[in-house]
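K.L.:
For reference, the sequence and a predicted model appear below.
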Number of protein chains: 2
Amino acid sequence: MSEGRRERADAVRNRRAILRATEELLAGRRPEQISMEQIAAAAGVGKGTVFHRFGSRTGLMLALMRERALDLDEAVRSGPPPLGPGAPARERLYAFLDAVVEVVGRNKSLLAELDHAAGTAAPSTGEAPPTAHPVYLGWHAHLSALLAELRPDLDTELVAHLLLGSLQSNPLLRLLEQGEGRRIAGTLRDVAGALVDR
Amino acid sequence: MSEGRRERADAVRNRRAILRATEELLAGRRPEQISMEQIAAAAGVGKGTVFHRFGSRTGLMLALMRERALDLDEAVRSGPPPLGPGAPARERLYAFLDAVVEVVGRNKSLLAELDHAAGTAAPSTGEAPPTAHPVYLGWHAHLSALLAELRPDLDTELVAHLLLGSLQSNPLLRLLEQGEGRRIAGTLRDVAGALVDR
DNA sequence: ACCGTACTGGACCGCCGGTCCAGTTGTCCA
DNA sequence: TGGACAACTGGACCGGCGGTCCAGTACGGT
(Lines give C-alpha, C1' and ligand atoms only; values in the text may rest on other atoms or scores of the structure.)
Protein backbone atom coordinates (compact mmCIF):
# COMPACT_ATOMS: atom_id res chain seq x y z
CA MET A 1 0.00 0.00 0.00
CA SER A 2 3.01 2.36 0.40
CA GLU A 3 3.02 4.55 -2.71
CA GLY A 4 6.27 5.59 -4.29
CA ARG A 5 4.66 8.89 -5.20
CA ARG A 6 4.34 11.54 -2.51
CA GLU A 7 0.91 12.97 -1.83
CA ARG A 8 0.35 16.34 -3.40
CA ALA A 9 0.14 19.34 -1.10
CA ASP A 10 -3.35 20.39 -2.15
CA ALA A 11 -4.56 16.84 -1.71
CA VAL A 12 -3.30 16.82 1.85
CA ARG A 13 -4.89 20.16 2.53
CA ASN A 14 -8.23 19.02 1.16
CA ARG A 15 -8.16 15.71 3.00
CA ARG A 16 -7.66 17.52 6.25
CA ALA A 17 -10.33 20.06 5.44
CA ILE A 18 -12.80 17.28 4.74
CA LEU A 19 -12.03 15.45 7.96
CA ARG A 20 -12.31 18.64 10.00
CA ALA A 21 -15.57 19.59 8.33
CA THR A 22 -16.96 16.14 9.00
CA GLU A 23 -16.00 16.40 12.64
CA GLU A 24 -17.72 19.72 13.00
CA LEU A 25 -20.92 18.60 11.33
CA LEU A 26 -20.87 15.39 13.34
CA ALA A 27 -20.68 17.37 16.56
CA GLY A 28 -23.97 19.06 15.78
CA ARG A 29 -26.20 16.48 14.10
CA ARG A 30 -26.66 12.73 13.93
CA PRO A 31 -24.57 11.21 11.18
CA GLU A 32 -27.49 9.90 9.15
CA GLN A 33 -28.69 13.47 8.78
CA ILE A 34 -25.48 14.61 7.17
CA SER A 35 -25.13 14.20 3.43
CA MET A 36 -21.87 13.91 1.57
CA GLU A 37 -22.80 17.04 -0.32
CA GLN A 38 -23.06 18.99 2.93
CA ILE A 39 -19.69 17.73 4.02
CA ALA A 40 -18.15 18.75 0.73
CA ALA A 41 -19.69 22.20 0.95
CA ALA A 42 -18.57 22.67 4.55
CA ALA A 43 -15.05 21.68 3.60
CA GLY A 44 -15.10 24.04 0.63
CA VAL A 45 -14.48 21.33 -1.96
CA GLY A 46 -16.54 19.53 -4.58
CA LYS A 47 -18.37 16.32 -3.90
CA GLY A 48 -16.17 14.48 -6.38
CA THR A 49 -13.12 15.32 -4.30
CA VAL A 50 -14.61 13.79 -1.20
CA PHE A 51 -15.34 10.54 -2.98
CA HIS A 52 -11.98 10.59 -4.72
CA ARG A 53 -10.18 10.76 -1.40
CA PHE A 54 -12.30 8.46 0.71
CA GLY A 55 -14.03 6.18 -1.73
CA SER A 56 -17.39 6.21 -0.05
CA ARG A 57 -19.32 7.54 2.86
CA THR A 58 -18.22 4.59 4.94
CA GLY A 59 -14.61 5.14 3.95
CA LEU A 60 -14.76 8.70 5.19
CA MET A 61 -16.32 7.74 8.49
CA LEU A 62 -13.82 4.97 8.92
CA ALA A 63 -10.89 7.29 8.28
CA LEU A 64 -12.21 9.62 10.93
CA MET A 65 -12.71 6.81 13.39
CA ARG A 66 -9.19 5.53 12.81
CA GLU A 67 -7.83 8.94 13.60
CA ARG A 68 -9.86 9.14 16.78
CA ALA A 69 -8.84 5.70 17.96
CA LEU A 70 -5.15 6.14 17.31
CA ASP A 71 -4.28 7.44 20.75
CA LEU A 72 -5.85 4.51 22.54
CA ASP A 73 -4.21 2.11 20.16
CA GLU A 74 -0.76 3.48 20.89
CA ALA A 75 -1.38 3.67 24.60
CA VAL A 76 -2.30 0.00 24.61
CA ARG A 77 0.58 -1.15 22.45
CA SER A 78 3.44 0.84 23.89
CA GLY A 79 2.16 3.25 26.52
CA PRO A 80 2.73 3.15 30.28
CA PRO A 81 0.89 0.67 32.51
CA PRO A 82 -1.78 -0.08 33.42
CA LEU A 83 -3.09 0.50 29.92
CA GLY A 84 0.15 -0.44 28.22
CA PRO A 85 2.23 -3.58 28.72
CA GLY A 86 3.74 -4.29 32.10
CA ALA A 87 0.78 -4.34 34.44
CA PRO A 88 -0.97 -7.57 35.47
CA ALA A 89 -3.70 -8.67 33.10
CA ARG A 90 -6.52 -7.81 35.45
CA GLU A 91 -5.37 -4.21 35.82
CA ARG A 92 -4.92 -3.92 32.10
CA LEU A 93 -8.39 -5.29 31.52
CA TYR A 94 -10.03 -2.74 33.79
CA ALA A 95 -8.00 0.10 32.39
CA PHE A 96 -8.81 -0.94 28.86
CA LEU A 97 -12.54 -1.19 29.49
CA ASP A 98 -12.55 2.28 31.03
CA ALA A 99 -10.61 3.65 28.10
CA VAL A 100 -12.84 2.04 25.52
CA VAL A 101 -15.96 3.37 27.15
CA GLU A 102 -14.41 6.80 27.06
CA VAL A 103 -13.47 6.59 23.40
CA VAL A 104 -16.82 5.15 22.47
CA GLY A 105 -18.48 7.94 24.40
CA ARG A 106 -16.66 10.53 22.37
CA ASN A 107 -17.56 8.83 19.10
CA LYS A 108 -21.00 7.34 19.56
CA SER A 109 -22.51 8.64 16.39
CA LEU A 110 -19.52 7.62 14.36
CA LEU A 111 -19.67 4.10 15.72
CA ALA A 112 -23.37 3.84 15.09
CA GLU A 113 -22.75 4.77 11.49
CA LEU A 114 -19.92 2.27 11.07
CA ASP A 115 -21.84 -0.48 12.76
CA HIS A 116 -24.66 -0.03 10.34
CA ALA A 117 -22.37 0.35 7.35
CA ALA A 118 -20.74 -2.97 8.16
CA GLY A 119 -23.63 -4.74 6.52
CA THR A 120 -23.31 -2.83 3.27
CA ALA A 121 -20.23 -4.13 1.50
CA ALA A 122 -18.72 -3.31 -1.86
CA PRO A 123 -20.60 -4.95 -4.75
CA SER A 124 -17.31 -6.01 -6.32
CA THR A 125 -16.99 -9.81 -6.19
CA GLY A 126 -20.63 -10.57 -5.67
CA GLU A 127 -20.40 -11.40 -1.98
CA ALA A 128 -17.79 -9.33 -0.19
CA PRO A 129 -16.81 -10.35 3.35
CA PRO A 130 -18.72 -8.02 5.67
CA THR A 131 -16.11 -7.79 8.40
CA ALA A 132 -16.32 -5.35 11.26
CA HIS A 133 -14.20 -2.23 10.92
CA PRO A 134 -10.49 -2.36 11.79
CA VAL A 135 -10.84 -0.29 14.93
CA TYR A 136 -13.27 -2.77 16.38
CA LEU A 137 -11.09 -5.67 15.35
CA GLY A 138 -8.12 -4.17 17.15
CA TRP A 139 -10.09 -3.67 20.32
CA HIS A 140 -11.47 -7.16 20.10
CA ALA A 141 -8.05 -8.75 19.67
CA HIS A 142 -6.66 -6.95 22.68
CA LEU A 143 -9.62 -7.70 24.87
CA SER A 144 -9.66 -11.37 23.86
CA ALA A 145 -6.00 -11.70 24.72
CA LEU A 146 -6.44 -10.15 28.15
CA LEU A 147 -9.41 -12.33 28.93
CA ALA A 148 -7.64 -15.45 27.73
CA GLU A 149 -4.84 -14.74 30.16
CA LEU A 150 -7.25 -14.58 33.07
CA ARG A 151 -9.81 -17.20 32.16
CA PRO A 152 -8.39 -19.58 29.56
CA ASP A 153 -11.31 -21.91 30.19
CA LEU A 154 -13.81 -19.48 28.68
CA ASP A 155 -14.68 -18.79 25.07
CA THR A 156 -12.82 -15.51 25.37
CA GLU A 157 -13.24 -14.51 21.75
CA LEU A 158 -16.95 -14.59 22.19
CA VAL A 159 -16.91 -12.95 25.59
CA ALA A 160 -14.91 -10.11 24.09
CA HIS A 161 -17.55 -9.73 21.39
CA LEU A 162 -20.25 -9.67 24.04
CA LEU A 163 -18.53 -6.98 26.07
CA LEU A 164 -17.63 -4.78 23.12
CA GLY A 165 -20.82 -5.45 21.22
CA SER A 166 -22.94 -4.19 24.04
CA LEU A 167 -21.21 -0.83 23.78
CA GLN A 168 -22.10 -0.58 20.10
CA SER A 169 -25.80 -1.18 20.62
CA ASN A 170 -28.23 1.63 20.24
CA PRO A 171 -29.61 1.69 23.78
CA LEU A 172 -26.13 1.97 25.20
CA LEU A 173 -25.09 4.63 22.73
CA ARG A 174 -28.20 6.54 23.75
CA LEU A 175 -27.15 6.38 27.39
CA LEU A 176 -23.65 7.44 26.51
CA GLU A 177 -25.17 10.43 24.78
CA GLN A 178 -26.79 11.38 28.03
CA GLY A 179 -23.49 11.44 29.84
CA GLU A 180 -23.86 8.12 31.61
CA GLY A 181 -20.33 7.15 30.70
CA ARG A 182 -19.09 6.68 34.25
CA ARG A 183 -22.09 4.60 35.18
CA ILE A 184 -21.53 2.37 32.18
CA ALA A 185 -17.82 2.01 32.80
CA GLY A 186 -18.53 1.03 36.38
CA THR A 187 -21.09 -1.59 35.50
CA LEU A 188 -18.93 -2.98 32.75
CA ARG A 189 -16.22 -3.37 35.37
CA ASP A 190 -18.67 -5.22 37.59
CA VAL A 191 -19.54 -7.60 34.80
CA ALA A 192 -15.95 -8.20 33.78
CA GLY A 193 -14.98 -8.51 37.42
CA ALA A 194 -17.60 -11.17 38.02
CA LEU A 195 -16.14 -13.13 35.15
CA VAL A 196 -12.56 -12.74 36.24
CA ASP A 197 -12.69 -12.96 40.04
CA ARG A 198 -14.03 -16.39 40.46
CA MET B 1 -56.14 2.88 19.86
CA SER B 2 -59.22 0.59 19.70
CA GLU B 3 -61.17 1.70 16.61
CA GLY B 4 -64.92 1.53 16.58
CA ARG B 5 -64.76 0.69 12.89
CA ARG B 6 -63.95 -2.87 11.89
CA GLU B 7 -61.05 -3.42 9.50
CA ARG B 8 -62.13 -4.08 5.97
CA ALA B 9 -61.65 -7.58 4.62
CA ASP B 10 -59.46 -6.58 1.70
CA ALA B 11 -57.33 -4.50 4.01
CA VAL B 12 -56.73 -7.52 6.20
CA ARG B 13 -55.89 -9.65 3.19
CA ASN B 14 -53.42 -7.11 1.89
CA ARG B 15 -51.80 -6.55 5.24
CA ARG B 16 -51.15 -10.25 5.54
CA ALA B 17 -49.90 -10.48 1.97
CA ILE B 18 -47.43 -7.68 2.64
CA LEU B 19 -46.14 -9.26 5.82
CA ARG B 20 -45.73 -12.63 4.14
CA ALA B 21 -43.96 -11.11 1.16
CA THR B 22 -41.63 -9.23 3.46
CA GLU B 23 -40.81 -12.42 5.31
CA GLU B 24 -39.99 -14.23 2.10
CA LEU B 25 -37.79 -11.47 0.77
CA LEU B 26 -36.10 -11.13 4.13
CA ALA B 27 -35.24 -14.81 4.11
CA GLY B 28 -33.22 -14.39 0.96
CA ARG B 29 -31.48 -11.02 1.17
CA ARG B 30 -30.24 -8.58 3.76
CA PRO B 31 -32.94 -6.08 4.69
CA GLU B 32 -31.07 -3.03 3.45
CA GLN B 33 -31.09 -4.55 -0.01
CA ILE B 34 -34.86 -4.79 -0.10
CA SER B 35 -36.81 -1.77 -1.26
CA MET B 36 -40.37 -0.99 -0.37
CA GLU B 37 -41.22 -1.18 -4.03
CA GLN B 38 -39.97 -4.76 -4.22
CA ILE B 39 -42.02 -5.69 -1.20
CA ALA B 40 -45.12 -4.15 -2.72
CA ALA B 41 -44.54 -5.97 -6.00
CA ALA B 42 -43.94 -9.30 -4.25
CA ALA B 43 -47.13 -8.85 -2.27
CA GLY B 44 -49.05 -7.97 -5.42
CA VAL B 45 -50.12 -4.54 -4.20
CA GLY B 46 -49.16 -0.95 -4.93
CA LYS B 47 -46.51 0.89 -3.00
CA GLY B 48 -49.09 3.32 -1.68
CA THR B 49 -50.91 0.49 0.01
CA VAL B 50 -47.83 -0.62 1.87
CA PHE B 51 -47.25 2.86 3.23
CA HIS B 52 -50.92 3.33 3.99
CA ARG B 53 -50.95 0.23 6.14
CA PHE B 54 -47.59 0.49 7.87
CA GLY B 55 -46.72 4.15 7.75
CA SER B 56 -43.09 3.68 6.90
CA ARG B 57 -40.42 1.14 6.27
CA THR B 58 -39.64 1.03 9.97
CA GLY B 59 -43.31 0.55 10.77
CA LEU B 60 -43.47 -2.46 8.53
CA MET B 61 -40.36 -4.03 9.99
CA LEU B 62 -41.60 -3.37 13.48
CA ALA B 63 -44.96 -4.97 12.77
CA LEU B 64 -43.18 -8.05 11.52
CA MET B 65 -40.90 -8.16 14.53
CA ARG B 66 -43.83 -7.84 16.89
CA GLU B 67 -45.48 -10.80 15.24
CA ARG B 68 -42.33 -12.84 15.54
CA ALA B 69 -41.79 -11.97 19.18
CA LEU B 70 -45.34 -12.66 20.27
CA ASP B 71 -44.79 -16.29 21.17
CA LEU B 72 -41.89 -15.56 23.47
CA ASP B 73 -43.79 -12.74 25.06
CA GLU B 74 -46.73 -14.96 25.91
CA ALA B 75 -44.50 -17.77 27.09
CA VAL B 76 -42.80 -15.40 29.49
CA ARG B 77 -45.96 -13.78 30.78
CA SER B 78 -48.21 -16.78 31.20
CA GLY B 79 -46.51 -19.91 29.90
CA PRO B 80 -45.22 -22.88 31.88
CA PRO B 81 -41.99 -22.68 33.89
CA PRO B 82 -39.11 -22.28 33.63
CA LEU B 83 -39.78 -19.58 31.03
CA GLY B 84 -43.08 -18.54 32.54
CA PRO B 85 -43.84 -17.61 36.16
CA GLY B 86 -43.34 -20.19 38.86
CA ALA B 87 -39.72 -21.23 38.53
CA PRO B 88 -36.96 -19.68 40.66
CA ALA B 89 -35.48 -16.54 39.20
CA ARG B 90 -32.21 -18.15 38.24
CA GLU B 91 -33.91 -20.82 36.15
CA ARG B 92 -36.10 -18.22 34.52
CA LEU B 93 -33.07 -16.11 33.73
CA TYR B 94 -31.27 -18.94 31.99
CA ALA B 95 -34.36 -20.03 30.12
CA PHE B 96 -35.05 -16.49 29.02
CA LEU B 97 -31.54 -15.91 27.75
CA ASP B 98 -31.68 -19.11 25.75
CA ALA B 99 -35.04 -18.15 24.31
CA VAL B 100 -33.95 -14.65 23.41
CA VAL B 101 -30.86 -15.92 21.63
CA GLU B 102 -33.08 -18.24 19.68
CA VAL B 103 -35.53 -15.53 18.68
CA VAL B 104 -32.76 -13.13 17.83
CA GLY B 105 -31.16 -15.85 15.76
CA ARG B 106 -34.29 -16.26 13.72
CA ASN B 107 -34.62 -12.51 13.20
CA LYS B 108 -31.11 -11.14 12.95
CA SER B 109 -31.63 -9.07 9.87
CA LEU B 110 -34.87 -7.67 11.15
CA LEU B 111 -33.24 -6.61 14.39
CA ALA B 112 -30.33 -5.02 12.61
CA GLU B 113 -32.77 -2.97 10.60
CA LEU B 114 -34.75 -1.89 13.64
CA ASP B 115 -31.66 -1.07 15.61
CA HIS B 116 -30.49 1.21 12.89
CA ALA B 117 -33.93 2.71 12.37
CA ALA B 118 -34.08 3.64 16.04
CA GLY B 119 -31.90 6.63 15.31
CA THR B 120 -34.12 7.92 12.54
CA ALA B 121 -37.26 9.26 14.15
CA ALA B 122 -40.29 10.98 12.71
CA PRO B 123 -39.61 14.61 11.77
CA SER B 124 -42.84 15.67 13.41
CA THR B 125 -42.07 17.75 16.50
CA GLY B 126 -38.54 18.66 15.61
CA GLU B 127 -36.81 16.27 17.99
CA ALA B 128 -38.75 13.07 18.50
CA PRO B 129 -37.72 10.72 21.33
CA PRO B 130 -35.60 7.98 19.73
CA THR B 131 -36.67 5.12 21.96
CA ALA B 132 -35.79 1.53 21.27
CA HIS B 133 -38.52 -0.57 19.70
CA PRO B 134 -41.23 -2.08 21.92
CA VAL B 135 -40.00 -5.63 21.54
CA TYR B 136 -36.63 -4.69 22.93
CA LEU B 137 -38.23 -2.74 25.73
CA GLY B 138 -40.29 -5.74 26.74
CA TRP B 139 -37.26 -8.00 26.83
CA HIS B 140 -35.33 -5.43 28.77
CA ALA B 141 -38.01 -5.01 31.39
CA HIS B 142 -38.25 -8.74 31.96
CA LEU B 143 -34.52 -9.25 32.12
CA SER B 144 -34.05 -6.32 34.48
CA ALA B 145 -36.66 -7.69 36.83
CA LEU B 146 -35.09 -11.14 36.92
CA LEU B 147 -31.65 -9.72 37.55
CA ALA B 148 -32.92 -7.41 40.26
CA GLU B 149 -34.36 -10.40 42.07
CA LEU B 150 -31.00 -12.13 42.08
CA ARG B 151 -28.59 -9.25 42.51
CA PRO B 152 -30.42 -6.21 43.89
CA ASP B 153 -27.05 -4.61 44.60
CA LEU B 154 -26.24 -4.25 40.90
CA ASP B 155 -27.37 -1.65 38.38
CA THR B 156 -29.62 -4.26 36.87
CA GLU B 157 -31.22 -1.94 34.32
CA LEU B 158 -27.83 -1.32 32.85
CA VAL B 159 -26.70 -4.92 33.07
CA ALA B 160 -29.81 -5.92 31.16
CA HIS B 161 -28.91 -3.41 28.47
CA LEU B 162 -25.42 -4.81 28.31
CA LEU B 163 -26.59 -8.38 27.91
CA LEU B 164 -29.29 -7.61 25.37
CA GLY B 165 -27.29 -4.97 23.57
CA SER B 166 -24.49 -7.36 22.85
CA LEU B 167 -26.93 -9.54 20.94
CA GLN B 168 -27.93 -6.65 18.74
CA SER B 169 -24.40 -5.76 17.72
CA ASN B 170 -23.23 -6.50 14.24
CA PRO B 171 -20.42 -8.93 15.09
CA LEU B 172 -22.80 -11.06 17.12
CA LEU B 173 -25.48 -10.97 14.48
CA ARG B 174 -22.86 -12.10 12.01
CA LEU B 175 -22.00 -15.08 14.20
CA LEU B 176 -25.65 -15.89 14.64
CA GLU B 177 -25.92 -15.92 10.87
CA GLN B 178 -23.26 -18.59 10.80
CA GLY B 179 -25.24 -20.84 13.06
CA GLU B 180 -23.28 -20.17 16.23
CA GLY B 181 -26.45 -19.79 18.23
CA ARG B 182 -25.74 -22.54 20.70
CA ARG B 183 -22.23 -21.30 21.32
CA ILE B 184 -23.54 -17.81 21.99
CA ALA B 185 -26.31 -19.01 24.28
CA GLY B 186 -23.79 -21.02 26.24
CA THR B 187 -21.38 -18.16 26.69
CA LEU B 188 -24.14 -15.77 27.58
CA ARG B 189 -25.12 -18.22 30.27
CA ASP B 190 -21.55 -18.23 31.52
CA VAL B 191 -21.51 -14.48 31.74
CA ALA B 192 -24.88 -14.25 33.44
CA GLY B 193 -23.92 -17.11 35.69
CA ALA B 194 -20.76 -15.36 36.81
CA LEU B 195 -22.85 -12.37 37.74
CA VAL B 196 -25.48 -14.33 39.58
CA ASP B 197 -23.51 -17.08 41.35
CA ARG B 198 -21.33 -15.02 43.52
C1' DA C 1 9.53 27.05 -18.39
C1' DC C 2 7.46 22.89 -19.44
C1' DC C 3 5.02 18.67 -19.21
C1' DG C 4 2.76 14.71 -17.39
C1' DT C 5 -0.11 13.39 -14.08
C1' DA C 6 -2.78 13.48 -10.04
C1' DC C 7 -6.22 16.17 -8.35
C1' DT C 8 -10.60 18.85 -8.71
C1' DG C 9 -15.62 19.97 -8.87
C1' DG C 10 -20.11 20.03 -10.34
C1' DA C 11 -23.34 18.16 -13.72
C1' DC C 12 -25.31 13.94 -13.98
C1' DC C 13 -27.38 9.11 -12.93
C1' DG C 14 -30.29 5.59 -10.91
C1' DC C 15 -32.73 4.60 -7.00
C1' DC C 16 -35.10 5.04 -2.79
C1' DG C 17 -38.51 6.28 0.89
C1' DG C 18 -42.45 8.68 1.08
C1' DT C 19 -46.69 11.53 -0.79
C1' DC C 20 -50.82 12.33 -3.39
C1' DC C 21 -55.16 11.76 -5.29
C1' DA C 22 -58.47 9.97 -8.66
C1' DG C 23 -60.65 5.81 -9.00
C1' DT C 24 -62.42 1.50 -6.78
C1' DT C 25 -64.54 -1.52 -3.46
C1' DG C 26 -66.28 -3.22 0.86
C1' DT C 27 -69.80 -2.33 4.41
C1' DC C 28 -73.64 -0.58 6.64
C1' DC C 29 -78.36 0.85 6.71
C1' DA C 30 -82.92 1.37 4.95
C1' DT D 1 -81.70 -5.30 -2.66
C1' DG D 2 -79.63 -1.13 -3.62
C1' DG D 3 -77.57 3.13 -2.66
C1' DA D 4 -74.21 6.15 -0.35
C1' DC D 5 -70.21 7.00 1.93
C1' DA D 6 -65.88 6.07 3.87
C1' DA D 7 -61.96 3.40 3.57
C1' DC D 8 -58.89 1.38 0.77
C1' DT D 9 -55.97 1.08 -3.45
C1' DG D 10 -52.08 1.79 -6.73
C1' DG D 11 -49.01 4.00 -9.56
C1' DA D 12 -47.35 8.50 -11.08
C1' DC D 13 -44.74 11.66 -8.88
C1' DC D 14 -41.27 14.22 -5.76
C1' DG D 15 -37.06 15.69 -3.38
C1' DG D 16 -32.84 14.11 -2.12
C1' DC D 17 -29.29 10.80 -1.60
C1' DG D 18 -24.78 8.14 -2.57
C1' DG D 19 -21.92 7.57 -6.14
C1' DT D 20 -19.85 8.32 -11.13
C1' DC D 21 -17.72 10.83 -14.81
C1' DC D 22 -14.72 13.62 -17.23
C1' DA D 23 -13.15 18.06 -18.97
C1' DG D 24 -10.43 21.36 -16.86
C1' DT D 25 -6.82 22.73 -13.42
C1' DA D 26 -2.64 23.15 -10.92
C1' DC D 27 1.16 20.80 -8.55
C1' DG D 28 5.97 19.28 -8.72
C1' DG D 29 9.87 17.05 -10.90
C1' DT D 30 13.27 18.25 -14.42
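P.N.:
That came in fine, so what should we check first? Residues are numbered from 1 along each chain as shown, chains lettered A, B, ... in the order given.

K.L.:
Just give me the neighbour total for A:Asp67.
P.N.:
Heads up, residue A:67 is Glu, not Asp. By the measure other CB atoms under 10 Å in any protein chain shown, the count of residues near A:Glu67 is 11. For every residue, glycine as well, the C-beta is placed using N, CA and C.

K.L.:
wait, it sits on A:Leu19?
P.N.:
Yes: A:Glu67 lies in contact with A:Leu19 (CB atoms under 8 Å); the separation is 6.9 Å.

K.L.:
what's the overlap in contacts for these two?
P.N.:
Common contact partners of A:Glu67 and A:Leu19 (CB atoms under 8 Å, 6 or more residues apart in numbering or on different chains): none.

K.L.:
Get me the contact residues on chain A for DNA strand C.
P.N.:
Within reach of DNA strand C by CB under 7 Å from any atom of the strand, chain A has these residues: A:5, A:7-8, A:10-11, A:13-14, A:44-49, A:51-53.

K.L.:
Which among those count as buried?
P.N.:
Neighbour-count burial within the residues of chain A next to DNA strand C applies to A:Asn14, A:Val45, A:Thr49, A:Arg53; the criterion is 16 or more other CB atoms under 10 Å in any protein chain shown.

K.L.:
biggest separation within those, which pair?
P.N.:
Within these, A:Val45 and A:Arg53 form the most distant pair, 8.9 Å apart (CB to CB).

K.L.:
Mutual contacts of the two, please.
P.N.:
Counting by CB under 8 Å, 6+ apart, the common neighbours of A:Val45 and A:Arg53 are A:Asn14, A:Ile18.

K.L.:
Around chain B, which positions in chain A sit nearby?
P.N.:
Proximity of chain A to chain B (CB under 8 Å from any CB of the partner chain) is limited to residues A:30, A:32, A:112, A:115-116, A:118-120, A:130, A:132, A:136, A:140, A:154-155, A:158-159, A:161-172, A:174-175, A:183-184, A:186-188, A:190-191, A:194-195, A:198.

K.L.:
taking those residues one by one, which sit in helices?
P.N.:
Using DSSP state H, the subset of the residues of chain A next to chain B located in helices is A:112, A:115-116, A:136, A:140, A:158-159, A:161-168, A:170-172, A:174-175, A:183-184, A:186-188, A:190-191, A:194-195.

K.L.:
how is chain A carved up into domains?
P.N.:
Taking automatic domain parsing as the reference, chain A has its domains at A:1-55, A:56-196.

K.L.:
Quick one: residues in contact with the longest helix seen in chain A.
P.N.:
The helix spanning the most residues in chain A, taking DSSP H as the definition, is helix A:57-78. Applying CB under 8 Å, 6+ apart, the contact partners of helix A:57-78 are A:18-19, A:22-23, A:26, A:31, A:36, A:39, A:50, A:54, A:83-85, A:96, A:99-100, A:103, A:106-107, A:110-111, A:113-114, A:117, A:120, A:133-135, A:138, A:142.

K.L.:
Surely A:Phe54 is in contact with A:Ile18?
P.N.:
Yes: the criterion here is CB under 8 Å, and A:Phe54 meets it with A:Ile18 at 7.3 Å.

K.L.:
Comparing the two, which residue is more hemmed in?
P.N.:
Neighbours around A:Phe54 and A:Ile18, counted as other CB under 10 Å, are more numerous at A:Ile18. The numbers are 24 against 21.

K.L.:
Past the particular helix or strand that has the more buried one in it, which element shows up next along the chain?
P.N.:
Secondary structure assigned from DSSP states H and E places A:Ile18 in helix A:9-28. Going down the chain from helix A:9-28, the next helix or strand is helix A:36-43, by DSSP H and E.

K.L.:
what's the offset of that next one from the middle of its chain?
P.N.:
Computed by CA atoms, centre = their mean, to the nearest Å, the chain-centroid distance of helix A:36-43 equals 23 Å.

K.L.:
How about stretch A:100-107?
P.N.:
From the chain centre to the centre of stretch A:100-107 is a distance of 8 Å (CA atoms, centre = their mean).

K.L.:
tell me which residues in the helix or strand harbouring A:Gly138 are buried?
P.N.:
Counting by DSSP H and E, the element that carries A:Gly138 is helix A:134-150. Applying a neighbour-count criterion of 16+ other CB under 10 Å, one finds A:Val135, A:Tyr136, A:Gly138, A:Trp139, A:His140, A:His142, A:Leu143, A:Ser144, A:Leu146, A:Leu147, A:Ala148, A:Leu150 buried in helix A:134-150.

K.L.:
thinking again about what came up before, going through the contacts of helix A:57-78, which ones are buried?
P.N.:
Using 16+ other CB under 10 Å as the threshold, A:18-19, A:22, A:26, A:31, A:36, A:39, A:50, A:54, A:83, A:96, A:99-100, A:103, A:107, A:110-111, A:113-114, A:117, A:133, A:135, A:138, A:142 are the buried ones among the contacts of helix A:57-78.

K.L.:
Look at the most centrally placed residue in chain A and report its pLDDT.
P.N.:
With distances taken as CA atoms, centre = their mean, A:Val135 lies nearest the centre of chain A, 4.6 Å away. If you check A:Val135, the pLDDT there is 94.
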